[in-house]
Structures are given as C-alpha cells and as structure tokens.
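*Asks:* Predicted model and sequence below, questions to follow.
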Amino acid sequence: NAGVTQTPKFQVLKTGQSMTLQCAQDMNHEYMSWYRQDPGMGLRLIHYSVGAGITDQGEVPNGYNVSRSTTEDFPLRLLSAAPSQTSVYFCASSSTSGGAGELFFGEGSRLTVL
Amino acid sequence: AQSVTQLGSHVSVSEGALVLLRCNYSSSVPPYLFWYVQYPNQGLQLLLKYTTGATLVKGINGFEAEFKKSETSFHLTKPSAHMSDAAEYFCAVSRTGANSKLTFGKGITLSVRP
C-alpha cells in the first residue's frame, strides 16, 4: 500500500533557488497538509487543503506556495530558498478535515539550503 | 487558540519499566487529543486518540492514555517498556468543527536501556 508518497527524500539547494516538493496520496483523502519539523519545535503547519481547488495558510506559510489541482496531489513550492528553510518536510492526509481524523504521513523530505 | 505542552525533551527508562510521557493541553472548547509516534527516519503514525466517550483510550503496541479534563492532561503510559519503543512521541490537539487544524507539541524522545 503506497499511502502518502513524498519526493524527493533528500535535496540540497543554494540560497535563492526554487524547487517543488511533491506529495501524492492514493487514499482518496480530501484533506492534505504540509508540515515542517525542526529540532525542539515539533511540527508546524505550513499550508493545508480541504479539497481540490481549495488551499489555506497554516502557522508558517511565508516563503512557500501550494496548489491543489487534483485530489491526489499537493505540491509544496519554495519560491526563493533561504537557510531558514532547512528542515524536514512532511506531507499528511486525512479522510476528514473535521478535527477528529487520523493524519497519515509520508516519510519526509529532508531539505538543506546552503 | 489551542496549544500543547510536553515537558522535557528526553525520557530514558529501563527495558520492562513503566513508560510515562506527559502532555498538557490548552483549548477553549472540548478538545480532540492524539499521540503520534515517529521512529527514526520515518513519518509519524497514530498511536491513539481521544474524541468523545471513554476517557481511558487504548492504542497500538500496548500504549494507553487517559483524558483528564480537570487537569487538562492526556498522559501516555505503557506498563512495560520494550527496546522497540525507542522513538519520538508527539502529543497533539485539535477541536470540533470543519477545517480544524492539528497543533503538535514539541515532542519527547524516549530511550530504552537494556
């Protein structure tokens, strides 16, 4: 079972470069989200989507862009990478956006910005 | 607003000893409460959750947690630690309503000594 698939698993960027982290899920979940994980800070919500064509900002959206053209895919774009964006990024999906649903996570994408 | 406090960043126990990981939450409305576990180099997976009903919740791998409204707590326990329990544990809170977002604590790393 694929679940939530993230690519790439590792990426090194130079300051100012742009890139897209890909996320795909095969569970027909309406809700998808992106988190970043930094040591001692837990997971912080970047952007989320409650369905195709609908996105919204989370706690730390600056410097990131998202779109949701299909139910399956939810890419995260870094517009101009900065060293502060060095982090591990997780995509997660859920069958419900109502607060009680289980989040299913990908394995993460480790990004280093030099 | 909602928040989660996980005191301390690291807990170490001997194999076979009781595991107790503390979580306190703040929420202006009745909360949904979760514990997630993250094994090294993996995404998070759900251990257990409380939504409504019985306040003692049992999860996977022998873990359980008790919702105590008067103490605003949701501590995670396991009677006997196993080496395979070594991981990072995150408490999280959300609330009822559409588009409710999940807020994570900073996480606690559990080490198990032989």
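*Replies:* Good, I have the coordinates.

*Asks:* any weak-confidence spans in the chain?
*Replies:* This is for chain A. Flagging of chain A using pLDDT under 70 yields the residue ranges A:1, A:98.

*Asks:* You answered for a different chain; I wanted chain B.
*Replies:* For chain B, the stretches flagged by pLDDT under 70 are B:97-99.

*Asks:* ok, so what distance separates the one residue sitting closest to the centre of chain A from B:Gln6?
*Replies:* In chain A, the centroid-proximal residue (CA atoms, centre = their mean) is A:Trp34; its distance is 2.8 Å. Distance of A:Trp34 to B:Gln6, computed by CB to CB, to the nearest Å: 22 Å. Every C-beta, even on glycine, is put in place using the N, C-alpha and C of the backbone.

*Asks:* ok, now B:Thr55?
*Replies:* Between B:Thr55 and B:Gln6 the computed distance is 20 Å (CB to CB).

*Asks:* same check, this time on B:Leu20
*Replies:* Counting by CB to CB, the gap from B:Leu20 to B:Gln6 is 12 Å.

*Asks:* can you check B:Ser111 too?
*Replies:* Distance, B:Ser111 to B:Gln6, using CB to CB: 16 Å.

*Asks:* So those two - more neighbours on which side?
*Replies:* With neighbours defined as other CB atoms under 10 Å in any protein chain shown, B:Ser111 and B:Gln6 compare such that B:Gln6 has more, 20 against 13.

*Asks:* Surely the more buried one touches B:Cys91?
*Replies:* Yes. The pair B:Gln6 / B:Cys91 is scored as a contact, 5.5 Å apart, by CB atoms under 8 Å.
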